[in-house]
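Colleague: Compute the structure for the input listed below.
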Amino acid sequence: HGGTTMVIDFACPNKGETLGYGLDLWHKKADGKCSCDYGFHMTIDDWNEGIEGELDDMFAAGITSFKMYLTYPAMMIGDGAVYSALKVRGGIAGVHCENAGVIDARIAELKAAGRAADVSAHPEARPDYLEAEAVARLLRIAEAADAPVVIVHLTNREALDEVAFARARGQRVYVETCPQYLALDD
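Modeller: Numbers count the residues shown, from 1 in each chain. Here you go, the predicted structure:
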């Protein structure tokens, strides 16, 4: 039906829901309704013994890649949980890297200054060095876990330099970006 032969979508359970529930929900959205082959990539936005215990079932269901967040409080799981998740063998994690705490504080400062609707406030709240800090932190966590990792949506040179430093240390790091980060400035 138009040339697309494969789709990989995020199966996204919410905090407090199991991975199995999220996967079942996404199957209900796709089964019998999709005109091409499809698979799922799983978001891990909660971490506990139950979630960890489900990972073998996810691997058996064909889920081999997971996305985690170092930002967005509703989705982030914290450094210790990221470390624990990376230590589980059988899949690979892609991680969205930003320093949520400092960015949220900067947003509050910009709002207090009456600049919340100012388009230039967005990059001021998220300077390159805060992404680079989060990338460096993730890469040191991955080093401690002795695990490969994917950095998703990398936006700037400083963050890419952190990837180069990790690769020079011998780490397996994969990176993806988005076209707008290659074509646009702040």
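Colleague: residue ranges with poor pLDDT in the protein?
Modeller: By pLDDT under 70, the weakly predicted segments of the chain are 1-2.
Colleague: what packs against the longest helix belonging to the chain?
Modeller: Ranked by residue count under DSSP state H, the longest helix found in the chain is helix 128-145. Secondary-structure packing of helix 128-145 (3 or more C-beta pairs under 8 Å, 6 or more residues apart in numbering; DSSP states H and E): helix 79-87, strand 149-152, helix 157-168. Just so you know, the C-beta spots here come from the backbone N, C-alpha and C atoms, and that holds for glycine as well.
Colleague: try 10 Å this time
Modeller: If you count contacts as 3 or more C-beta pairs under 10 Å, 6 or more residues apart in numbering; DSSP states H and E, helix 128-145 packs onto helix 79-87, strand 92-96, helix 100-112, strand 149-152, helix 157-168, strand 173-175.
Colleague: Can you say which of those is packed in most?
Modeller: Using mean count of other C-beta atoms under 10 Å, the stretch among these with the largest mean neighbour count is strand 149-152, at a mean of 22.
Colleague: Just give the strands next to it in its sheet, each with its orientation.
Modeller: strand 92-96 (parallel), strand 173-175 (parallel) (DSSP bridges).
Colleague: Next up, the contacts around the closest residue to A144 other than its chain neighbours.
Modeller: By the measure of C-beta to C-beta, 6 or more residues apart in numbering, the closest residue to A144 outside its immediate chain neighbours is Y83, 6.2 Å from it. Y83 sits next to 47, 138, 140-142, 144-145, 147 when contact means C-beta atoms under 10 Å, 6 or more residues apart in numbering.
Colleague: All set now, cheers.
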